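> structural data only, the sequence is not supplied:
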């Protein structure tokens, strides 16, 4: 049996995968720092390469455009904001929305999301980035609602997309538009309002 040394293709492949993953982590961490510290326009291949020491060609190979780079940074950021299920609908909805509330509490990140929403209206390259980020932000909430339907806690004919809008809308409005305080009490009130009268089914 061949030992996993230099001549072993499997070992070489494993080593390459580890190096690739490490490079991706380093680049995405640097891109995130640039995004949060200096803003949207700071995230370029040149700046990321300079910050990490990774060759610019390597950055381009993994992320052909700045939109690709921003996509992965924002998607990973959104992934960190999810909660774990308990099986109790109200508690799970509050936990998931409160995780998002904490995520939105970072002023720079909230600004980044606002810019993404605005720029994606006329920058076709950013439209799929916005869709992906919104999908990731709402992914776990969508599953909680479907679980609630399966468990009989919510109407079978519930329009899940409309329910998500009712739950996420007040948080995004307060954080990105009105500037009103976004507190755990607000989150609980939004969930209780929804549960007291679930969104009507789609027509």
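Nice, thanks for sending it over. These numbers come from a predicted model, not from an experiment. Numbering: from 1, shown residues only.

> shouldn't residue 63 be in contact with residue 72?
Yes - with contact defined as Cβ atoms under 8 Å, residue 63 counts as touching residue 72 (6.9 Å). All C-beta spots, glycine's among them, are computed from the backbone N, C-alpha and C.

> okay, the two: which has more neighbours?
Neighbours were counted for residue 63 and for residue 72 using other Cβ atoms under 10 Å; residue 63 has more, 22 against 18.

> now the more buried one, nearest residue through space, not along the chain?
Once flanking residues are discounted, residue 63 sits nearest to residue 69: 4.1 Å by Cβ to Cβ, 6 or more residues apart in numbering.

> sec struct for that neighbour, please.
Judged by DSSP: H, G, I helix; E, B strand; the rest coil, the three-state class of residue 69 is helix.

> contacting residues around it?
Going by Cβ atoms under 8 Å, 6 or more residues apart in numbering, residue 69 touches 27-28, 31, 43, 45, 48, 59, 63.

> pick the one among those closest to residue 116.
Distance to residue 116, by Cβ to Cβ, is smallest for residue 43 among the contacts of residue 69, at 11.8 Å.

> got the phi/psi numbers for residue 49?
phi -60, psi -40 (degrees, to the nearest 10).

> distance of it from residue 61?
Going from residue 49 to residue 61 by Cβ to Cβ, to the nearest Å gives 12 Å.

> between the two, which is the more surrounded one?
residue 49 (18 against 10).

> please name the nearest non-neighbouring residue to the more buried one.
Nearest residue to residue 49 in three dimensions, chain neighbours excluded: residue 56, at 4.2 Å (Cβ to Cβ, 6+ apart).

> and residue 153, by the same measure?
residue 89 (4.6 Å).

> who's in contact with the one you found?
By Cβ under 8 Å, 6+ apart, the neighbours of residue 89 are 144, 147-148, 151, 153-154, 195.

> adding secondary structure and distance to residue 23, write those out as TSV.
Shown next, in TSV, are the contacts of residue 89 (DSSP: H, G, I helix; E, B strand; the rest coil; distance: Cβ to Cβ, whole Å):
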residue	secondary structure	distance to residue 23
144	helix	35
147	helix	38
148	helix	41
151	coil	43
153	coil	45
154	coil	44
195	helix	46
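
> of the residues you listed, buried ones?
144, 148, 154 (16 or more other Cβ atoms under 10 Å).

> and the first one, what's its pLDDT?
Same thing as residue 144. With respect to pLDDT, residue 144 scores 96.

> and the gap between it and residue 167?
9 Å.

> so what sits against both of those two?
residue 93.

> show me what contacts the most centrally placed residue in the chain?
Against the mean C-alpha coordinate of the chain, by Cα atoms, centre = their mean, the closest residue is residue 78 at 2.0 Å. If you count contacts by Cβ under 8 Å, 6+ apart, residue 78 has them with 103, 133, 136-137.
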